[in-house]
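Engineer: what follows is a predicted structure for the sequence shown.
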Amino acid sequence: MVTIQFYPLDIGHETDESGKAVIQLFGRTVDGKNICVFDESYLPNFYVIPKNNKIEELKRRIDKIKKEDYKVVESKIVDRNYLREPVKAILVFADKPISIKSIVEEIKGFDETYLVKESDIPFDKKYLIDKEITPNILCYVEGEVLLERQDLDVDFVIKTKEVKQIYTEEFSEPKVLAFDIEVYAPKGRYPHENKDPIIMIGFASNDGFRKVLTWKKYGNAEDYVEFVDDEKKLMWEFKNTINKYNPDYIVGYFSDGFDFPYIKTRAKKYQINLKFNNHSLRINKRGNISTAKLKGISHIDIFKFIKNIMGGSLKLEDYSLGNVAKELLGKEKHDVDLNRIGVVWDNGSKDIGKYCAYNLQDAILALELCMKLLPSLDELVKLVNLPLYDVCRLSYSKIVEKHLMKRAKEMSEIIPNRPEQGVISTRMTHTYEGAFVFKPEAGLYENISVFDFQSLYPSIVVAHNICVTTLSDKNEGHESPEIILESGEKIRRHFSPKKEGFIPAVLREIITRRIRVKEMLKIDRDNKVLQARSYALKTVANATYGYFGFFGARWYCRECSESITAWGRSYILKVIESAKDQGFKVIYSDTDSIFIALENKTKEEALNFLEKFNQSLPSLMELDVEGFYPKGIFVSKKSESSGAKKKYALVDEKDRIKVVGFETIRRDWSYLAKEVQRKVLNIILKEGDTEKAYDYVREIIENIKDKKVDINNMIIQTQLKKSIESYQVEGPHVFVAKKMIEQGIDVDVGSVIRYVVAEGKGRVRDRAEIPEEAKTYDADYYINNQIVPSVERIFDVLGYKKEELISGKKQKTLGEF
DNA sequence: ACATACCGGGG
DNA sequence: GTGTACGGTATGT
């Protein structure tokens, strides 16, 4: 018997041939050793709530369930709450995870069964909930050393009957290793994992380790460069480097979707089994989304977290590493021409060194992004009780749900089920009156102040006790403002004040904790942990409203959503009215934010208004400054039927452009179209010269007409997502791909097909040509389908019609412009 | 009008 | 892994 203290970092389970599962907790001991703990005490389980008083009878029937390949091991009658009402439930333990489905099915057939709950939570996740174990927090374990499990390649393997989390100490000094790969690509073609080798892999760790592995020797290589013989050796060294460095976290940027899947494919080619801590690299593919998991090492794809969670508040133009690093770290990628990577590699010149430096820099940026966001991730781990691996891939709704699940357990609440597909469909078809949107008057504005309620919805939920558990037929105290239903009927919703609802209770705790954290931050302004804690609490609180109306939610409540927005509208309208009263020009408002054009007023006056207004609000509510923007353009969306949606671009005081709701720059647009949109926004927002922007577009259009624009700028790229034969609808890229195959050019699933639209009539695909063969392009197509659509709505705002852009004849009706 | 296919991130 | 994104846009039928 040994006792040991360790930080659980990752969880998994191992099943034997019969399907019996044992939980495995991977982690670090206090003195930095790798450990794997097998918790043999845990059995898959779920609740059955009886329909009537025949609970004993139901229990007896459940206990008898025993078939060849599944059985009930044990059951207990327990006191719990379900949606805040006390219930007697039967807690059923199954022999193995895969038995759950069959047992549940059998029990559902019993007359006495009313509800089956918590049978839809993954085994590992349910373990953490049931045992109330928070990853990254110190645990104590008493057990036996399993000597025969040398294969796990950790320092200790412990078999135990109990893992206790009796401490609060956090795992605070992880070894973090970031990596990035560079891939060979012939000129003008995007690399393909079946054809193009990995030529270099860069590593960067938080304790200063730097290395670039590559397999073509060149002179005067930097110290960090290490040469290997070939791609196969590169794969081996990749694996060795990771195993030798032995990181707690391995980090990449889009490594779920690119680096790891690519590595896996290349390794397979050489029949190398990539094992880390003796566990193979697993790539899970769901549709287009892949995730890469290394059992025992937490793989953080920092891109996922930035895109899913951080992105919302950052308002980034796009999520490319270069852009994100610039915004978050103030650092740049190295400037190399990736289109030449294949050429340089083939030449074998010392220019390869530039690519090595580029490679290393990308790994460093991924590392630094991770280190910067790690405090926030750590705080979220504690709120949702999931390992870092899961936390960095969560969506907003999942953050809320997992936090609710954790709190449910602590409050003896049985967790509701995930909705079935049919229920989801029904939920999706029902709409309700959403947030108040003050339609922006499309236009160009100067000196814009943006204020928003940081905790409008959460505080409404708490203040009015809004919850699926408090929804009531009669007015007992909390009556919502008027709500207009789909049918047109006007009603008010009621929430009982008698008992605090489950979600209001959870939220109240979150909000009061955040207030305490903010108090502490006033004294200790630069405390990164407190900042991260405040951020994590804010994230959970703010996402809760959306959760009520999210069709996949366990605690779904449409009536709650309706009521929250109804109350929300009444508050934001108050802000709008009072801003107008004070003589401010309100240009836009959506949900919980308000955009004010300062016009002849000063920033100070706006801040005074804010301060005054805040004094009139209930204590938990606060209108905050989101930002000041010297210039902004508001554009109306094409389909105005469903209300004006957000679509605007702002330039902030640091001359950075924030674009919201515009078509993002995509690969299937020509380079020219992307460039034109970007440049037009820049001229308008940074230079404030609409005439210049108009002239710029006119010049481009004339150049296109005169065929002065290089054909390379006209290339449209589209990827083949499936095999050529399986296309029902053949787009231009499929047609071109066929032409390429005829010419013996190697084209496969995943190939990015480049084409140019040539002159002529009829379908686009009939005119699509391989760029190298195309002599000229269809000017009208590019003007009408690429250039004009990319800027049309921007110019619409400025009072130019689409026709003017094309013809050059101004019909500008001077009005407000 | 409706259906189908692609974008993102990554080289 | 006790699962299967999403919202928007272009092209073809």
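Structural biologist: Alright, I've got the coordinates. Numbering: from 1, shown residues only, chains lettered A, B, ... in the order given.
Engineer: for the rest of this, base every contact and every neighbour count on C-alpha atoms.
Structural biologist: Will do.
Engineer: quick check: end-to-end length of stretch A:14-34?
Structural biologist: Its first and final residues considered, stretch A:14-34 spans 18 Å by C-alpha to C-alpha, to the nearest Å.
Engineer: quick check: mean pLDDT across that stretch?
Structural biologist: Throughout stretch A:14-34, pLDDT has a mean value of 91.
Engineer: Three-state assignment for the nearest residue to residue A:296 once chain neighbours are set aside, please.
Structural biologist: Once its chain neighbours are removed from consideration, residue A:296 has its nearest residue in residue A:26; the separation is 5.3 Å (C-alpha to C-alpha, 6 or more residues apart in numbering). Using DSSP: H, G, I helix; E, B strand; the rest coil, the three-state assignment for residue A:26 comes out as strand.
Engineer: repeat for the one 10 residues further on
Structural biologist: Local secondary structure at residue A:36 is given as strand here, using three-state DSSP.
Engineer: go ahead and confirm it touches residue A:23.
Structural biologist: No: at 9.9 Å, residue A:36 does not count as touching residue A:23 under the criterion of C-alpha atoms under 8 Å.
Engineer: neighbour count: those two, which is higher?
Structural biologist: With other C-alpha atoms under 10 Å as the criterion, residue A:36 and residue A:23 differ in neighbour count, and residue A:36 comes out ahead with 27 against 21.
Engineer: list the residues that contact the more buried one.
Structural biologist: Residues touching residue A:36, when contacts are defined by C-alpha atoms under 8 Å, 6 or more residues apart in numbering, comprise A:24-27, A:154, A:156-158.
Engineer: most neighbours, which of those?
Structural biologist: For the contacts of residue A:36, the largest neighbour count, defined by other C-alpha under 10 Å, is 28 neighbours, found at residue A:27.
Engineer: apart from its chain neighbours, what residue comes closest to that residue?
Structural biologist: Counting by C-alpha to C-alpha, 6+ apart, the nearest residue to residue A:27 once its immediate chain neighbours are dropped is residue A:8, at 4.3 Å.
Engineer: which residues touch residue A:626?
Structural biologist: Listed by C-alpha under 8 Å, 6+ apart, the contact partners of residue A:626 are A:449-452.
Engineer: for PyMOL, what selects the buried ones among those residues?
Structural biologist: Only the buried entries of the contacts of residue A:626 go into this PyMOL selection, using 16 or more other C-alpha atoms under 10 Å:
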select buried, chain A and resi 449+450+451+452
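Engineer: how many neighbours does residue A:635 have?
Structural biologist: 25.
Engineer: against residue A:452, how distant is it?
Structural biologist: Counting by C-alpha to C-alpha, the gap between residue A:635 and residue A:452 amounts to 20 Å.
Engineer: residue A:85: how many residues sit nearby?
Structural biologist: Look at residue A:85: counted by other C-alpha under 10 Å, it has 9 neighbours.
Engineer: residues in a beta bridge with it, which ones?
Structural biologist: The residues paired with residue A:85 through beta bridges, assigned by DSSP bridges, are residue A:82.
Engineer: state the distance from it to residue A:501.
Structural biologist: Using C-alpha to C-alpha, which is the criterion applied here, residue A:85 is 10 Å from residue A:501.
Engineer: can you list the buried residues in stretch A:760-780?
Structural biologist: Residues A:764-771, A:774, A:776-779 are the ones in stretch A:760-780 that count as buried (16+ other C-alpha under 10 Å).
Engineer: and the closest residue to residue A:209 other than its chain neighbours, what element?
Structural biologist: Of all residues beyond its chain neighbours, the one nearest residue A:209 is residue A:203 (7.4 Å), with distances taken as C-alpha to C-alpha, 6+ apart. When secondary structure is defined using DSSP states H and E, the element that contains residue A:203 is strand A:198-205.
Engineer: and the helix or strand just after that strand, does that touch DNA strand B?
Structural biologist: Heading C-terminal from strand A:198-205, the first helix or strand you meet, by DSSP H and E, is strand A:210-214. No: no part of strand A:210-214 sits close enough to DNA strand B to count as contact by C-alpha under 7 Å from any atom of the strand; the gap is at least 11.9 Å.
Engineer: tell me what strand A:210-214 is packed against?
Structural biologist: strand A:198-205, strand A:225-227, helix A:231-245, helix A:352-384 (3 or more C-alpha pairs under 8 Å, 6 or more residues apart in numbering; DSSP states H and E).
Engineer: any low-confidence regions in chain A?
Structural biologist: Counting by pLDDT under 70, chain A contains low-confidence ranges at A:188, A:277-278, A:287, A:312, A:430-440, A:636-646, A:661-665, A:810-817.
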